[in-house]
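**Q** No letters, just coordinates:
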């Protein structure tokens with residue numbers, strides 16, 4: 001974006017905010033518009049950055065008309081808006097308006113090293129506001145070490161379910177590295193974005209520039225590397241990039257929902273590279289961590305939810321941090337529209353009934369219920385699954401049960417292993433073998449699908 005465009009963007013948004021302040025209660029404005037970031041102008045449309053999908057949906061549904069009117073009035077023409085999730089520090093935008101034209105030489109898709117900040121990241125995600133519990137303590141410590149002394153843990157590979165803090169840690173690393181060394185070249189990118197940039201470079205015949213820019217990085221943070229699966233050409237590019245950065249002791253941090261060896265369709269040489277450093281798991285947060293997260297979130301809200309309601313949320317929503325935060329934000333949004341702004345437990349139950357029902361259903365599925373369902377389907381006993389017997393008619397159902405326990409519960413490999421009387425490596429092997437078996441055996445694929453449905457419906 002050129003300098004005059006950036007100035008026009010900030011001027012339009014500043015005028016719009018002045019109008020909104022006159023038309024809304026101060027607390028409402030600060031809660032819903034104070035954190036919005038003007039990203040860019042696209043003709044007669046402004047692109048605004050917000051924190052997440054829930055925030056975007058609520059804003060469009062409840063304030064879409066008033067925002068459109070204010071934008072049109074402030075710009076003197078018919079104006080619309082669109083929302084992008086992900087937060088950017090507004091101070092960075094103001095500073096960027098002073099950057100000269102030389103900084104525009106290449107687009108982010110062509111030059112990874114041009115943008116020194118974690119361009120798609122969030123300045124709000126830091127180590128200071130990451131709540132540490134037993135389930136993420138080692139991952140936190142490893143990420144902190146990687147930020148303080150890049151290259152010591154290399155690569156650092158963090159895996160776990162969705163919405164439990166992996167991306168927060170990546171962006172905390174980026175922010176801390178830049179805070180300690182403003183000259184560092186840091187890039188946060190999702191695997192999908194890496195793919196898109198790579199494809200664009202091929203289409204525009206600028207692959208050599210893309211490759212060169214990636215290899216200028218001091219720190220690269222790649223989210224969701226399981227997306228590399230079955231993309232042969234991209235894996236080749238990623239392998240070469242990894243080796244180049246690794247050989248120069250540049251910090252590489254990767255996240256995934258699976259361990260490297262669990263990613264079906266990932267070449268062995270990449271599995272080997274990913275496992276060559278430090279691998280650590282983040283699991284779903286326990287009650288104490290969930291409550292601490294909610295209390296920390298409250299510090300950033302003008303409207304406060306009473307602690308007994310926070311305890312209720314922490315007790316009833318346990319699957320992910322993302323869902324927990326979304327639930328709190330929904331209550332805050334509701335409170336902002338009420339005259340007395342007091343949310344009760346009954347209000348929370350009513351507003352979040354669907355989420356709470358889904359959480360309750362997911363908790364019903366235990367390791368034993370999976371073992372029992374698998375045993376019944378294959379006409380064997382649970383004791384057979386837990387035994388040392390190795391005939392095919394027992395060994396395969398045993399692996400199915402192990403695979404489903406990993407897929408349908410929040411238990412870690414060691415916890416599942418203990419429930420089967422096996423070590424974690426045996427569970428990992430089953431988790432890898434069953435998808436491969438289903439690809440070759442249609443009957444096994446149908447059995448797996450049927451058992452899974454029965455467990456979800458029970």
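**A** Here it is on my side, so go on. Bear in mind that the values here come from a model prediction, so they are computed numbers and not experimental data.
**Q** Which residue comes closest to residue 279 once chain neighbours are left out?
**A** In this structure, residue 279 finds its nearest non-sequential neighbour in residue 157, 4.5 Å apart by CB to CB, 6 or more residues apart in numbering. The C-beta positions use only the backbone N, C-alpha and C, and glycine is treated the same way.
**Q** quick one: that neighbour is in a helix?
**A** No: Residue 157: not assigned to a helix; according to DSSP: H, G, I helix; E, B strand; the rest coil it is strand.
**Q** For it, list each beta-bridge partner.
**A** residue 254, residue 279 (DSSP bridges).
**Q** quick one: it from residue 132, how far?
**A** When distance is defined by CB to CB, to the nearest Å, residue 157 is 19 Å away from residue 132.
**Q** Do I have it right that the residue nearest to residue 279 meets residue 260?
**A** Yes: between residue 157 and residue 260 a contact is recorded at 6.6 Å, counting by CB atoms under 8 Å.
**Q** Is the nearest residue to residue 73 once chain neighbours are set aside in a helix, a strand, or coil?
**A** Computed as CB to CB, 6+ apart, the closest residue to residue 73 that is not its neighbour in sequence is residue 19, at 6.1 Å. Classification of residue 19 using three-state DSSP returns helix.
**Q** tally of neighbours for residue 19?
**A** Number of residues near residue 19 (other CB atoms under 10 Å) recorded here: 16.
**Q** List the residues that contact it.
**A** Residue 19 makes contacts with 70, 73, 74, as judged by CB atoms under 8 Å, 6 or more residues apart in numbering.
**Q** Who wins on neighbours among these?
**A** Neighbour count (other CB under 10 Å) singles out residue 70 as the most crowded of the contacts of residue 19, with 24 neighbours.
**Q** which secondary structure elements does the host helix or strand of residue 328 contact?
**A** Here residue 328 sits within helix 321-336, counting by DSSP states H and E. Judged by 3 or more CB pairs under 8 Å, 6 or more residues apart in numbering; DSSP states H and E, the packing partners of helix 321-336 are helix 26-32, helix 53-75, helix 287-298, helix 307-316, helix 345-351, helix 353-364.
**Q** So which residues make contact with that helix?
**A** Residues outside helix 321-336 that contact it (CB under 8 Å, 6+ apart) are 27-28, 31-32, 52, 54-55, 58, 62, 162-165, 285, 290, 293-294, 297-298, 301, 303, 305, 309-310, 313-314, 317, 341-343, 347-348, 351-352, 355, 359.
**Q** if I look at the residue nearest to residue 73, how far off is residue 310?
**A** Distance of residue 19 to residue 310, given as CB to CB: 35 Å.
**Q** and which of the contacts of residue 19 is nearest residue 223?
**A** Of all these, the one with the least separation from residue 223 (CB to CB) is residue 70, at 34.6 Å.
**Q** Just confirm that closest one contacts residue 22, I think it does.
**A** No: the criterion here is CB under 8 Å, and residue 70 misses it with residue 22 at 9.2 Å.
**Q** ok, now which ones touch residue 307?
**A** Contacts of residue 307 by CB under 8 Å, 6+ apart are residue 295.
**Q** Would you agree residue 187 falls within a helix?
**A** No: the assignment for residue 187 (three-state DSSP) gives strand, which keeps it out of a helix.
**Q** List the beta-bridge partners for it.
**A** Note on residue 187: beta-bridge partners by DSSP bridges are residue 220.
**Q** correct me, but it touches residue 223?
**A** No: Residue 187 lies out of contact with residue 223 (CB under 8 Å); the separation is 11.3 Å.
**Q** in stretch 394-409, what's buried?
**A** Residues of stretch 394-409 classed as buried by neighbour count (16 or more other CB atoms under 10 Å): 394, 396-406, 408-409.
**Q** is it fair to say residue 38 lies in a strand?
**A** Yes: according to three-state DSSP, residue 38 belongs to a strand.
**Q** Can you give me the neighbour number for it?
**A** Neighbour tally, residue 38, other CB under 10 Å: 23.
**Q** cool, residue 22 as well?
**A** When neighbours are defined as other CB under 10 Å, residue 22 has 9 of them.
**Q** my guess is residue 132 meets residue 140, correct?
**A** Yes: assessed by CB under 8 Å, residue 132 is found in contact with residue 140 at 5.1 Å.
**Q** Comparing these two, which shows the higher neighbour count?
**A** residue 140 (21 against 15).
**Q** how does the protein divide into domains?
**A** Annotated domains of the chain cover 3-93, 105-281, 287-363, 367-457 [automatic domain parsing].
**Q** on that earlier part again, which one of the contacts of residue 19 is nearest to residue 40?
**A** Nearest to residue 40 out of these is residue 74 (CB to CB; 16.5 Å).
**Q** What does the pLDDT read for residue 6?
**A** Residue 6 carries a pLDDT value of 68.
**Q** Would you point out which residue is most central in the chain?
**A** Per CA atoms, centre = their mean, the C-alpha nearest to the average position across the chain is that of residue 167, at 4.6 Å.
**Q** Rebuild the helices and strands packed on helix 321-336 as a markdown table, extending it with mean pLDDT and distance to residue 274.
**A** A markdown table is the format used below for the helices and strands packed on helix 321-336 (pLDDT from 0 to 100; distance: least, CB to CB, whole Å):
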| stretch | mean pLDDT | distance to residue 274 |
| --- | --- | --- |
| helix 26-32 | 73 | 41 |
| helix 53-75 | 81 | 29 |
| helix 287-298 | 89 | 27 |
| helix 307-316 | 92 | 34 |
| helix 345-351 | 89 | 41 |
| helix 353-364 | 77 | 29 |
